[in-house]
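Undergrad: Provided below for reference: sequence and predicted model.
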Amino acid sequence: MDIQALLKMLESGRDSAMLRLSLASALQQQGDLAAARSHLQAAVQQDPQYSAAWKALGKVELELGDKESARRSWQSGIEAAQQRGDKQAEKEMQVFLKRLDKPAPA
């Protein structure tokens with residue numbers, strides 16, 4: 001779905017965490033990372049247990065060069081995934097955290 005259609009849905013009052021995640025994904029693909037981050041932050045505010053949004057938020061923050069925010073997002077996402085029993089998302093974010101902590105190759 002294109003960004004304009006998603007924005008129209010948002011403006012019509014059909015705001016949801018899933019809509020925000022979809023919009024953020026489209027914006028991220030276009031390289032608008034700041035807008036993507038904003039929509040992902042709204043998604044996790046609406047549904048703090050939405051592990052997919054936490055995972056995506058961490059990825060966008062890492063792309064923006066904000067490693068500490070990425071770390072916090074993935075830690076929150078792991079907690080959300082554990083509470084929901086979403087083992088796959090939990091494992092993925094644990095891998096992301098391990099990669100974040102690895103020293104860069106010389």
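TA: Okay, I see it. Being a predicted model, the structure only gives us computed values, none of them experimental.
Undergrad: right, and Glu63 touches Asp32 too?
TA: No: Glu63 is beyond contact range of Asp32, at 11.1 Å (criterion: C-beta atoms under 8 Å). The way it works is simple: take the backbone N, C-alpha and C, and place the C-beta from them, glycine included.
Undergrad: separation between Ser51 and Glu68?
TA: 20 Å (C-beta to C-beta, to the nearest Å).
Undergrad: between the two, which is the more surrounded one?
TA: The neighbour comparison of Ser51 against Glu68 (other C-beta atoms under 10 Å) goes to Ser51, with 26 against 9.
Undergrad: got the contact list for the more buried one?
TA: The neighbourhood of Ser51, defined by C-beta atoms under 8 Å, 6 or more residues apart in numbering, consists of Gly77, Ile78, Ala80, Ala81, Arg84, Asp86, Ala89, Glu90, Met93.
Undergrad: do that again at 7 Å, thanks
TA: Gly77, Ala80, Ala81, Arg84, Asp86, Ala89 (C-beta atoms under 7 Å, 6 or more residues apart in numbering).
Undergrad: then Glu61?
TA: Contacts of Glu61 (C-beta under 7 Å, 6+ apart): Arg37, Ser69, Ala70, Ser73.
Undergrad: tabulate the residues you listed (JSON lines), appending distance to Glu11.
TA: Below are the contacts of Glu61 laid out as JSON lines (distance: C-beta to C-beta, whole Å):
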{"residue": "Arg37", "distance to Glu11": "20"}
{"residue": "Ser69", "distance to Glu11": "28"}
{"residue": "Ala70", "distance to Glu11": "29"}
{"residue": "Ser73", "distance to Glu11": "26"}
